[in-house]
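J.: pasting the sequence and the predicted model now:
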Amino acid sequence: MTDVVGVGFIGLGQIGAPMAKRWLAWDGGLTVFDVAPEATVPFATAGAHVAASPAEVAERSQVISVMVRDDAQVTEVLTGPDGILSTASPGTVVAIHSTVEADTPARLAELAAATGVEVIDAPVSGGMMGAHSGTLALMLGGSDEAVARVAEPFALLGTLVAHLGPIG
C-alpha cells in the first residue's frame, strides 16, 4: 500500500481527461484543474474536487500529473504565482506527461528541489485509446524514491510503467 493520500491532475484535454478519469476512484481523492472550466464539469459530477489553481491542486495532492500544451504552460503550472511550487509539501512528486523540450523537466526538477518537491519526466505512449482503457506506456525518468511513490497510482493509467533512469 502506498503512502500517497491525494492525487491531482492538471490539464484535462484529449489525453489528460481520460487519464484523470482513471483516478476518480482513488481512495485519497482526486483534485483536478484546467484553464477551461468546462473541462472540469464531468469530474465535479463524478466526485472529484475541482481546484481554482495549480496551487490548490498541490495543497490537496501528493502525486500530481501535468498534461498541458507546451513548455511555457508546464513552467507556469509549476513556478507561476499560483503554481504547484507555491504550496506543495515536501515529498510531493510532480510528473510531467506533456511533450516538452528535453531539458525542461530537469530544469524544473532543479527549481523544485529547493522546496523538497520531486519532478519526474513521465511521457506516455498509447494515445487517446490507451488513456481511456488504462493501457498507456509510461516512461519515467527520476529518482528511485519518486518513481516508487507514483507506482501505485500510475498502475491505474498504464500496463507498462518503466523506470528508465534519472530525469533528463
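T.: Nice, I can see it.
J.: not counting stretch 42-53 itself, show me its contacts.
T.: Stretch 42-53 is contacted by residues 8, 12, 17, 20-21, 24, 29-33, 40, 57, 60, 82 when judged by CB atoms under 8 Å, 6 or more residues apart in numbering. Glycine gets a C-beta too; all of them are placed from N, C-alpha and C.
J.: measure how far it is from the centre of its chain, please.
T.: Centroid separation for stretch 42-53 versus its chain: 15 Å, with CA atoms, centre = their mean, to the nearest Å.
J.: could I get the average pLDDT for that stretch?
T.: Per-residue pLDDT over stretch 42-53 has a mean of 98.
J.: report the buried residues of that stretch.
T.: Buried residues in stretch 42-53, counting neighbours by 16 or more other CB atoms under 10 Å, are found at 43, 48-51, 53.
J.: so which of the contacts of stretch 42-53 would you say is closest to Arg107?
T.: Nearest to Arg107 among the contacts of stretch 42-53 is Asp82, at 19.9 Å by CB to CB.
J.: my guess is that closest one is in a helix, correct?
T.: No: counting by DSSP: H, G, I helix; E, B strand; the rest coil, Asp82 falls outside a helix, being coil.
J.: for the helix or strand hosting Arg107, which positions count as buried?
T.: Secondary structure from DSSP states H and E places Arg107 in helix 104-113. Under the neighbour-count criterion of 16+ other CB under 10 Å, helix 104-113 has 104-109, 112 buried.
J.: any idea how far Gly28 is from the residue nearest the centre of the chain?
T.: Nearest to the mean C-alpha position of the chain, by CA atoms, centre = their mean, lies Ser65 at 0.5 Å. In this view, Ser65 and Gly28 are 14 Å apart by CB to CB, to the nearest Å.
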